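S.K.: Predicted model follows, preceded by the sequence.
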Amino acid sequence: MVDLGCGNGLLLRFLVNHSFHVLEPFGVDFLPEAIHEAQTLVHPDRPGNFVVKNIVEWRPDGLFDFIMFDPYQVRQTDLHAFFEHCTSNLAPDGRTIVYCYADALAALSLCKISEFPGMEHTPLIELDCPSGIQVAFAGLSRT
């Protein structure tokens, strides 16, 4: 599983520790300080799995079962190409998980991920989240 825009990798650690899948965490973020935290504090047993890179320019060596990202971290003009990039790096039956924090949605006056400009034609399966929730989720399948 790779989190594009992983920050310090805490969300990945939670998913690795609490999912019903055996997940190998990988993370990409443009902030060196965040990646340093991921490598030394959050995932010290996997420091090589976390890299400093612009997520739009990142090119993996292999395919992933899960790719997750926050569209708030991708320029609107790059979103379509970014989706294609994500789906081309999925393993067979892989999934893209799209998430966005409530404060980012509110800053854009949006209620759901599917309302993001540039995502209107993206086949998302959105999780119904109660109001007041901290993060919104949606899934994008390879097909």
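M.R.: Looks like it arrived, so ask away. All figures in this text were calculated on a predicted structure; none of them were measured in a lab.

S.K.: With P47 as the reference, measure out to the residue nearest the centre of the chain.
M.R.: What sits nearest the mean C-alpha location of the chain, by Cα atoms, centre = their mean, is F69, with 1.8 Å. F69 sits 21 Å away from P47, taking Cβ to Cβ, to the nearest Å as the criterion. C-betas here are computed from N, CA, C, even on glycine.

S.K.: Would you confirm that G27 contacts L11?
M.R.: No: at 9.2 Å, G27 and L11 do not qualify as touching, with contact defined as Cβ atoms under 8 Å.

S.K.: and for these two, which residues touch both?
M.R.: D3 (Cβ atoms under 8 Å, 6 or more residues apart in numbering).

S.K.: These two: which has the busier surroundings?
M.R.: Looking at G27 and L11 with other Cβ atoms under 10 Å, you find the greater number of neighbours at G27, namely 29 against 18.

S.K.: quick one: strands adjacent to whichever strand or helix holds the more buried one?
M.R.: With secondary structure defined by DSSP states H and E, G27 is part of strand 26-29. As defined by DSSP bridges, the strand partners of strand 26-29 come to strand 2-4 (parallel), strand 50-52 (parallel).
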